[in-house]
Structure formats: structure tokens, C-alpha cells
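Peer 1: coordinates only, no sequence provided:
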Ligand code: IPE
Ligand code: IPE
Ligand code: MG
């Protein structure tokens, strides 16, 4: 864990015992690939966007659940750099969802002391989406509770390419020597700079892949998959993932 996070983590939240979760090993950073909205809608004969709207309720439920047990960082994959391949109407809807979500939930998130952050290429977002998320980031930046980190127009490869470009430029400019390029240098240039790597990564909907999410950061992350579609994912599913995580032996290449 990074130096600045030491001591910040106090697993004293009151709900921890109630769900059979061990207070001392609550994951610090949980990342979620929120998948299956389209299939959820299709099963009901609804347009795909109905699934995305339903998935928004799960975002709220899981954010509160994570906060209740003392998770410190929750990173949610909301839109990938590859999701632009979808039909325009669906992309438009997804780009309006942050506005819809924040109009409904920002007051409560403020009350809960949640700090909103965004990772991804914000320059590629429509101006209205960019403004909404930046306003929320600005409004919540003094909050000291859960960090709700939204991955919007995020791609793990693009993130690494950008980091490499900046580092190469620093070498060319003589600010950095080649020998000094280390894992730490790369980390400092990623969009998650300053945040510890995810301890647990959850993916819903039965797909067993990373889909370009947090490629560097998930090197030693515990992975947890479920067939449940994101709009059906509930607080108790989240707690099941946490309990499973707590049974794992994390070795990081060493021995127990
Ligand atoms: C996840 O649900 C949300 C986004 C990728 C934006 P999907 O829209 O991918 O749902 P499926 O995978 O088609 O069911
Ligand atoms: C990953 O889901 C992206 C998000 C959840 C935002 P996709 O549905 O885009 O991933 P693939 O296409 O199934 O790999
Ligand atoms: Mg999908």
C-alpha cells in the first residue's frame, strides 16, 4: 500500500459483522466491470438502453454497500475506449447517463462524503458529459470518504501508451535517465497514479475477460466472476464476492 494511504484505512464500519465479512481484510480497492446491461434488457424484450438505466440503480446500491463495509476505493468501468463501436443511439445514451445519475444521486453522495474521480480520455467525451463529470469531481474533491472512481472512455492500453509517451519525452528532455525508468515510474504516469492497485476485481454477466480494464494495475488483483447480469447484481452478491476474496491466499509470488 502506498505511504499516503497507511493509517487512513479504519475498518470500523458498523455493517461489517452483519454480513460475515472480516473487518481486518476488507479490500481497500475494488474494481468492477459492470457488464450485462444489454442482455438484461433483451431478456425482457426491452431496448438495450433500458438495461443501462436499470444498471444505474445497481451503481448506487453497490456504492453504498462498498462504503458500508469500509472499502476505500471503488473503480467502476462505465465506458471503454472500444465502446464507441456501438450504435450511435446507444453511445449517446451512455454519454447522458452520468448526468442522469449525478442529478439523482450527487446530494446523497455528498452527504456520504464520497469523492468522485474519473479516469479515461476525457478529451474524447462530448462537452456536456465532460462538464457534468468535472463539476462532480470539483464539488466532491474535499470529501474524505469512499473514492468513487469512474472509468469513462477508459482503455488500459491507451493508458499505458500515454504513460510511455510522456516518459519517453522526459528522457528526451533529459529530465529522466533510461536506467531510472521503473515500475514506479510507469505507475506515476498512469491515470490511477496515487491510488493503490485493485485488491479485488469483479465482473458480472458471465464473461471471463478483462476487456482492456486496468491491465497494468491488475497484475496481482484477485478476480471474481459471476453470471449475474449487472442490473440484477445486488448488495448481497457484492458481499459474497468480498467474503470469497477474504478466503483467498494472496502470495504475490512469494510463499505463505
Ligand atoms: C455493460 O453492459 C455496460 C457497458 C459496456 C457500457 P453491456 O452493454 O456490455 O451489456 P451486454 O454485455 O451487451 O449484455
Ligand atoms: C466492458 O464490457 C466495458 C464496460 C463494462 C464498460 P464490454 O461489454 O464492452 O466488453 P466485451 O466487448 O464483452 O469484451
Ligand atoms: Mg458487455
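Peer 2: Cool, the structure landed. What you see is a predicted model, and the numbers here were worked out from it, not measured in a lab. Ligands and ions are numbered 1, 2, ... in the order given.

Peer 1: let me see the contact set for residue 240.
Peer 2: Residue 240 makes no contacts at all, as judged by Cβ atoms under 8 Å, 6 or more residues apart in numbering. For every residue, glycine as well, the C-beta is placed using N, CA and C.

Peer 1: hang on, it is in a helix, isn't it?
Peer 2: Yes. The assignment for residue 240 (DSSP: H, G, I helix; E, B strand; the rest coil) places it in a helix.

Peer 1: now it: how far from residue 169?
Peer 2: Remark: distance between residue 240 and residue 169 (Cβ to Cβ, to the nearest Å) = 45 Å.

Peer 1: mind listing what's buried along stretch 30-44?
Peer 2: By neighbour count, with 16 or more other Cβ atoms under 10 Å as the criterion, the buried positions of stretch 30-44 are 30-41.

Peer 1: mind putting the residues you listed in a markdown table, pLDDT, distance to residue 146 and secondary structure included?
Peer 2: Below are those laid out as a markdown table (pLDDT from 0 to 100; distance: Cβ to Cβ, whole Å; DSSP: H, G, I helix; E, B strand; the rest coil):
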| residue | pLDDT | distance to residue 146 | secondary structure |
| --- | --- | --- | --- |
| 30 | 99 | 10 | strand |
| 31 | 99 | 14 | strand |
| 32 | 99 | 13 | strand |
| 33 | 99 | 19 | strand |
| 34 | 99 | 17 | coil |
| 35 | 99 | 22 | coil |
| 36 | 98 | 24 | coil |
| 37 | 98 | 23 | helix |
| 38 | 98 | 28 | helix |
| 39 | 98 | 29 | helix |
| 40 | 99 | 26 | helix |
| 41 | 98 | 29 | helix |
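
Peer 1: those residues: which ones sit near ligand 1?
Peer 2: With the criterion set as Cβ under 6 Å from any ligand atom, the members of these near ligand 1 are 34-39.

Peer 1: now cross-check the residues you listed against ligand 2 and list the overlap.
Peer 2: Among these, the residues lying close to ligand 2 (Cβ under 6 Å from any ligand atom) are 34-35.

Peer 1: what residues does residue 106 make contact with?
Peer 2: Taking Cβ under 8 Å, 6+ apart as the criterion, residue 106 is in contact with 136, 139-140.

Peer 1: now do it, the pLDDT please.
Peer 2: Predicted confidence (pLDDT) at residue 106: the value is 98.

Peer 1: sticking with it, tell me its helix or strand.
Peer 2: Using DSSP states H and E, residue 106 maps to helix 88-111.

Peer 1: wondering if that helix reaches ligand 1 at all.
Peer 2: Yes. Residues of helix 88-111 contacting ligand 1 under Cβ under 6 Å from any ligand atom: residue 94.

Peer 1: for that helix, buried residues please.
Peer 2: Quick answer for helix 88-111 (16+ other Cβ under 10 Å): 90, 93-99, 101-102, 105-106, 109-110.

Peer 1: closest to residue 200 out of those residues?
Peer 2: Distances from the buried residues of helix 88-111 to residue 200 were compared by Cβ to Cβ; the smallest belongs to residue 109, at 21.7 Å.

Peer 1: hang on, isn't that closest one packed against residue 140?
Peer 2: Yes. With contact defined as Cβ atoms under 8 Å, residue 109 counts as touching residue 140 (6.8 Å).
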